[in-house]
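Student: here is the input, now give the coordinates:
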Amino acid sequence: MSTMAEVALPQRLSTRRTPVLLALAALCAGVLPATGQETATVTEPPHRAAAARGMPRTEAYEEAQRGFWQWLRDEARRVRRLDGGPVAFAMRYRISPQLASTIQDAALQEGLDPDLGFRLVRAESNFNPRARSHAGALGYTQLMPRTARWLDRGMTTPERIMRPEANLAVGFRYLRRLIDKYGDLRLALLAYNRGEGAVDRDLRRGRNPENGYSRKVLGTGMDRYRGDGRQTEVR
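Tutor: This is a model prediction of the structure:
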């Protein structure tokens, strides 16, 4: 990818627009990864192509001016394709791209919105695969052994429950089942945290089962999660 130093804008561009263009070009240069899951071949900046063809100065300038905006739009489109992908999640939560890809793949496989999956893992284990709670919950999604065995008979030991891919898959599967059962993401999260029996009991008695856990996962203000937790799009 071309660096900022290589994006030589025509001298006739106004000084008011130049900083904006440089900033946008820097965004394109800085956000796209050199390697990883979402790489793409970047086209050469148009002013270079025009000069290489030996065009007269005026025509080269006009073509470069038109082509630069098209080139910038194309690069911005590539950046937008990263939004919501492993690279974006890795940057947001400061985790490795490999872990971000594993979490996203597990969420999609279980029909869970990856955004919610990342929020759940952060709240449960802060992305620590060896996390253990005082109650005996294990791994990224803090699975209780009994729940893990109910959903996957192969999870017979703590070591098996804490295997990253298996732990994520079963934890996300369980949350997706709860979302389908209650039809309400907040209640599903509370059941994930407190247990279905406790939530059902409070609901029967006309009580609010909230204990603060749903807010911990969903966030507040501008950071609040606004989906319903389901992911139906196939990627």
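Student: give me the domain ranges for the chain.
Tutor: 15-82, 96-223 (automatic domain parsing).
Student: closest one to residue 88 among the ones you listed?
Tutor: Residue 88 lies closest to domain 15-82 among the domains of the chain, at 5.4 Å (Cβ to Cβ). Every residue, glycine included, has its C-beta placed from N, CA and C.
Student: and the strands in this protein?
Tutor: Counting by DSSP state E, the chain has no strands to list.
Student: can you list the weak-confidence ranges in it?
Tutor: 1-57, 60, 74-84, 232-235 (pLDDT under 70).
Student: what about the closest residue to residue 203 other than its chain neighbours, neighbour count?
Tutor: Spatial nearest neighbour of residue 203, excluding adjacent residues (Cβ to Cβ, 6 or more residues apart in numbering): residue 209 at 6.6 Å. Per other Cβ atoms under 10 Å, the neighbour tally for residue 209 reads 19.
Student: contacting residues around the residue nearest to residue 188 when sequence neighbours are not counted?
Tutor: Counting by Cβ to Cβ, 6+ apart, residue 188 lies nearest to residue 178, which is 3.8 Å off, once chain neighbours are set aside. Residues in contact with residue 178 (Cβ atoms under 8 Å, 6 or more residues apart in numbering) are 187-189, 191-192, 196.
Student: name the member of the residues you listed with the most neighbours.
Tutor: residue 189 (27 neighbours).
Student: isn't that one up against residue 218?
Tutor: Yes - here residue 189 reaches residue 218: they are 7.3 Å apart, a contact under Cβ atoms under 8 Å.
Student: which ones are touching the residue lying closest to residue 131 once chain neighbours are set aside?
Tutor: Using Cβ to Cβ, 6+ apart and skipping the chain neighbours, the partner closest in space to residue 131 is residue 125 (3.8 Å). Going by Cβ under 8 Å, 6+ apart, residue 125 touches 131, 139-142.
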